[in-house]
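1. Only the shape, not the letters, is given here:
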Ligand SMILES: [Zn+2]
C-alpha cells in the first residue's frame with residue numbers, strides 16, 4: 001500500500017516544518033490522476049501522525065481534476081483517467097494537471 005509511505009512522508013514533512021509547534025490542520029492536494037486514494041491517505045495519516053506534533057491534526061484533502069493538453073489541436077481535455085482522447089480524435093495528450101500530490105498549506109497552533 002503506497003499510501004502508507006505517502007502519508008508517512010507528509011507527516012515527516014509537516015513535523016519538520018512545524019518544529020516545536022503543533023500542527024492542527026494540513027491541506028493536501030491530490031490529483032485525480034495520481035492513483036492515490038484520498039481515503040487511504042487519510043487513514044494512514046492518522047496512523048503515521050501518532051506520537052508526533054502532527055497527531056490529531058485535521059487532514060483536509062483537495063482533489064484536483066485531471067487536465068491534458070492536446071498536442072495536435074491545442075485543446076484542453078478533461079481527464080478522468082491517465083489515458084484519454086481529445087474531441088478531435090487525437091490521443092496525443094500531455095497531462096498538465098491532476099498528477100500532483102502536495103501539501104498546500106498547514107496550520108500551526
Ligand atoms: Zn485535439
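-> Yep, that arrived. Note that the coordinates shown come from a computational prediction; the quantities given were computed from them, not determined experimentally.
2. max-length helix in this protein?
-> helix 2-18 (DSSP state H).
3. Now the very next helix or strand once past that one: buried residues?
-> Per DSSP states H and E, the first helix or strand lying C-terminal to helix 2-18 is strand 23-31. In terms of neighbour count (16 or more other Cβ atoms under 10 Å), strand 23-31 has its buried residues at 23, 26, 28, 29, 30, 31. All C-beta spots, glycine's among them, are computed from the backbone N, C-alpha and C.
4. For the second one, which residues are in contact?
-> When the contact criterion is Cβ atoms under 8 Å, 6 or more residues apart in numbering, the partners of residue 26 are 10, 14, 45, 54, 57, 58, 59, 60, 103, 106, 107.
5. tell me, how many neighbours does the second one end up with?
-> When counting by other Cβ atoms under 10 Å, one arrives at 22 neighbours for residue 14.
6. what about it, distance to residue 63?
-> 19 Å (Cβ to Cβ, to the nearest Å).
7. Distance-wise, check residue 41 relative to the ion.
-> Distance, residue 41 to the ion, using Cβ to the ion, to the nearest Å: 33 Å.
8. which residues of the protein score low on pLDDT?
-> 1 (pLDDT under 70).
9. ok, what's across the strand from the spatially most central residue of it?
-> When the chain is reduced to its mean C-alpha position, the closest residue under Cα atoms, centre = their mean turns out to be residue 30, at 2.1 Å. Counting by DSSP bridges, residue 30 forms beta bridges with residue 63, residue 101.
10. That one against residue 103, yeah?
-> No - judged on Cβ atoms under 8 Å, residue 30 makes no contact with residue 103 at a distance of 10.6 Å.
11. what sits against residue 75?
-> So, once contact is read as Cβ under 8 Å, 6+ apart, residue 75 ends up touching 69, 86, 87, 88.
12. who touches the longest helix of the chain?
-> 23, 26, 28, 36-37, 40-41, 43-45, 47-49, 52-54, 57, 101, 103, 106, 108.
13. Just the residues you listed: which are in helices?
-> Counting by DSSP H, the contacts of helix 2-18 contribute 40, 41, 43, 44, 45, 47, 48, 49 to helices.
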